[in-house]
Structures are given as structure tokens and as C-alpha cells.
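> pasted the sequence and its predicted model underneath.
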Amino acid sequence: MLLRLFAKRSARPASRTPPDCVVWAVGDIHGRSDLADRLIQAIRTDLHAAVASRRVVVFLGDYVDRGLDSRGVLDQLVNLAADPALEVHLLRGNHEDRMEAFLDDPQIGPSWCDYGGREALVSYGVDPPPMRGDAQAWAEASRALGQALPAPHLALLAGLETSVSIGDYFFAHAGARPGVALEAQSPDDLMWIRQPFLNHTGLFEQVVVHGHTPTETVYSDARRIGVDTGAYATNVLSAVRLERETRILLQATGRAGRIAITTSALAHGSKSR
């Protein structure tokens, strides 16, 4: 049985999804196709059984890098997005942004590989150059990745969204800049912002649902829901189910071959796990 996540009390009325709508928000996968497989299976089963006519899944970005199977994760997303019964939104994370940038500018290869791109290259059968300063080798690796990416993966990357607004919730990879209307946020802030967003205590027009900054626990209150639990390092991939005023947590935990679906309550909107 899934347990509700309870938000902190605040001046804001309880946030709601639109009538007859259920939304799942999935945190940063980072190449962990093993965890994503179990989580997506559970979400798919829930949505196909849901009474709501609008059944939505929002992936919050950072599908690639760091974990060992970026290619497998994109295969899973392509497959799910083809389900005609579901409304699937795929947000652009900073890691997808850098992956695409590498296809156009091989010079960023060394910096991209410093924070996970190496594993993404290997998942597509591309050998990362051993020397940071070997411009020709990085250019060849960029061309090889472009050739190795299946057409559906290229289309998926090209079609990523920077944000989605559903009812009282605003979904973005990293968060939003305080003092700027959510509809006016820059793509860079939506993909990259950290401390100015996390440290700000004021309310936005909607509750911001985000990933990007990994934490040991899922965070949920009247201002934001942080869903990134560092799957590539912690073996915990998290998702939150939103329907009417309820928030429900689902997590896939463990390693390949020994992955379990677990649930836990978020007491007073601060922690889970």
C-alpha cells in the first residue's frame, strides 16, 4: 500500500492536480536502467488501473551519465512515451543538455566526461579518448556518438521540454529563480539553478517539483518537492504520485537482480526513506 506524503502547514491552500488527473513525477535516473525498469513497471500498472481519464508521467531530467546504462534508459523512455494511454513529459536536465552540446562541440568532451559523460559514451559503444587535450580524438568520439545514437534517441533529446505546468504544480529539472514568474524562467535556470532556489523560503505561484540536487531523502512541503535521491550512487530511485490533494511516494531500491519497490511516509513534509 502506498503511503501519503504530508506537506508542512503553510498559508497556501493544499495544492491540487486538475480534476480527473493523476500525475507521477520521476527523479533523476542517471543511467540506472535497472531501477528505472522496476519503477516504470509499477507506475505503468498504477496508471492503467487509475480511474482518472488524464494519466501523466513527468520525468524530471538527467536520464544519462554516471550510471552504466544511459542507452537503456533512453530505450525505456522511448517505449513508455509510445503508450497511447499515457501523457508523458520528458524534461531536459543539464546532463542531456551537455550530451547534446558534445555532439556539436567536441571540445566540451573532457568536462562532460568529468561528471558522467564517460559512462554515457561507453553505453553507446564509444571509447572515451584517454587524453584530455587530444582534439582530434574528441572530434572522432563526438562523430561516433552521433552515429551510435538511434534515431528515436535523437528525436527524444531534440524534443525535451524545459518545464511543464499541471494544476498547482510546476515541473522543472533544477528549480526556479526567486523573483521571476514561473512562466518567464530562463532555460538555463530551469536546468542548472541550485542554491538561490533551494535557500529561498518564499512561495512561488505553484509548487515546484524538481530533481537535480541529490539528497538522502525526498523533500516535500508547500513550496517544493525534491525527488532526486541520487540513484546512481545510492541505489534509490524515487517518484511521487500527485492526485487531487494527495502526494504518494514510490521508490525502487537495490541493485540489478535484487531490486524492490518500497514505500515510506514523509512526516510533516520533510523526509522519506
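Alright, I've got the coordinates. Numbers count the residues shown, from 1 in each chain.

> going forward, measure contacts between C-alpha atoms and count neighbours the same way
Will do.

> for the residue nearest the centre of the chain, report the pLDDT, please.
Nearest to the geometric centre of the chain sits residue 60, at 2.7 Å (Cα atoms, centre = their mean). For residue 60, the pLDDT comes out at 98.

> residues touching it, list them.
25-28, 90-93, 171-173, 210-211 (Cα atoms under 8 Å, 6 or more residues apart in numbering).

> and residue 129, by the same measure?
So residue 129 contacts 137-138, 141 (Cα under 8 Å, 6+ apart).

> and which of those is nearest residue 69?
residue 141 (17.8 Å; Cα to Cα).

> in the helix or strand that contains the closest one, which residues are buried?
Using DSSP states H and E, residue 141 maps to helix 135-148. Of the residues in helix 135-148, 137-146, 148 count as buried by neighbour count, 16 or more other Cα atoms under 10 Å.

> CA atoms only for the helix or strand of the chain with the lowest mean pLDDT, dumped as CSV, please.
Every helix and strand in the chain was compared by mean pLDDT, DSSP states H and E; the lowest is strand 258-262, with a mean of 85. The C-alpha trace of strand 258-262 is given here as CSV (Å, rounded to 0.1, in the frame of the first residue of the first chain):
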residue,chain,number,x,y,z
ARG,A,258,17.7,-7.6,-6.3
ILE,A,259,15.5,-4.6,-6.7
ALA,A,260,12.5,-4.0,-4.6
ILE,A,261,9.7,-1.5,-4.7
THR,A,262,9.3,0.2,-1.4
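
> buried residues in it?
Here strand 258-262 shows 259-262 as buried, counting by 16+ other Cα under 10 Å.

> return the closest of those with respect to residue 108.
Using Cα to Cα, the buried residues of strand 258-262 come closest to residue 108 at residue 259, 35.1 Å.

> who does the closest one bridge with?
Beta-bridge pairing of residue 259 under DSSP bridges involves residue 254.

> that one and residue 236 touch, don't they?
No. Between residue 259 and residue 236 there is no contact under Cα atoms under 8 Å: 9.5 Å.

> common neighbours of the two, please.
Joint contacts of residue 259 and residue 236 (Cα under 8 Å, 6+ apart) are 35, 252-253.

> re earlier: with distance to residue 184 as added columns, please give the buried residues of strand 258-262 in TSV.
Listed next are the buried residues of strand 258-262 as TSV, based on distance: Cα to Cα, whole Å:
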residue	distance to residue 184
259	40
260	40
261	37
262	37
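
> residue 84: which of those residues is nearest?
For the buried residues of strand 258-262, the nearest to residue 84 is residue 261 (25.2 Å; Cα to Cα).

> who are the contact partners of the closest one?
38-39, 250-253.

> surely residue 239 forms part of a helix?
No. Using DSSP: H, G, I helix; E, B strand; the rest coil, the secondary structure at residue 239 is strand, not a helix.
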